[in-house]
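**Student:** sequence plus predicted model, see below.
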Amino acid sequence: MSADTTAGDRYFAADGTVYNADGSVAGTYHVDAQGNVDAVATDEDGNGAVDTVIADTDHNGTFETGVVDTDGDGYGETVVVDTDGDGDFDSGAVDTDADGTYETTVSDPAGF
């Protein structure tokens, strides 16, 4: 990217850093050869561990995967995946008790 851009209260600097409106670092992002954002990782609670990751795994401009660490333990409790590449998430899983096993799973070919 050639310049800083803004998304709500977040700023995406040309160096690959995502900043909060107050100037603190929220995370990082990566771009592909065409300059499209391929992955964003943020540390929402500032504890030094990644809390949220989204990625465009097939480089088509939409995010196919998302993982969220809802309790800050360093493990993703919520996962969503666009399995057919149509831009809608088709599968999801939630670890409701943070034991490392997904208790709730959902799949919908039409997306959700």
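**Tutor:** Nice, I can see it.
**Student:** where does the prediction get shaky in the chain?
**Tutor:** Residue ranges of the chain with pLDDT under 70: 1-8.
**Student:** what is the most centrally placed residue in it paired to in the beta sheet?
**Tutor:** Here the mean C-alpha position of the chain is nearest to the C-alpha of Ile54 (Cα atoms, centre = their mean), at a distance of 2.3 Å. Beta-bridge pairing of Ile54 under DSSP bridges involves Val40, Gly66.
**Student:** measure it to Asp99 for me?
**Tutor:** In this structure, Ile54 lies at 24 Å from Asp99, with Cβ to Cβ, to the nearest Å as the measure. Where C-beta positions appear, they are placed from N, C-alpha and C, glycine not excepted.
**Student:** what of Ser107?
**Tutor:** Relative to Asp99, Ser107 is positioned 22 Å away (criterion: Cβ to Cβ).
**Student:** quick one on the thing from earlier: does the residue nearest to the centre of the chain touch Val40 like I think?
**Tutor:** Yes - in this structure, Ile54 is within contact of Val40 by Cβ atoms under 8 Å, at 5.2 Å.
**Student:** what about the strands in the chain?
**Tutor:** Remark: strands of the chain, listed N- to C-terminal, are 5-7, 10-12, 17-20, 25-31, 37-42, 52-55, 65-68, 78-81, 91-94, 104-107; assignment by DSSP state E.
**Student:** report the inter-axis angle for the fourth one versus strand 37-42.
**Tutor:** Taking axes from the mean of the first three to the mean of the last three Cα atoms, to 10 degrees, one finds that strand 25-31 is oriented at 160 degrees with respect to strand 37-42.
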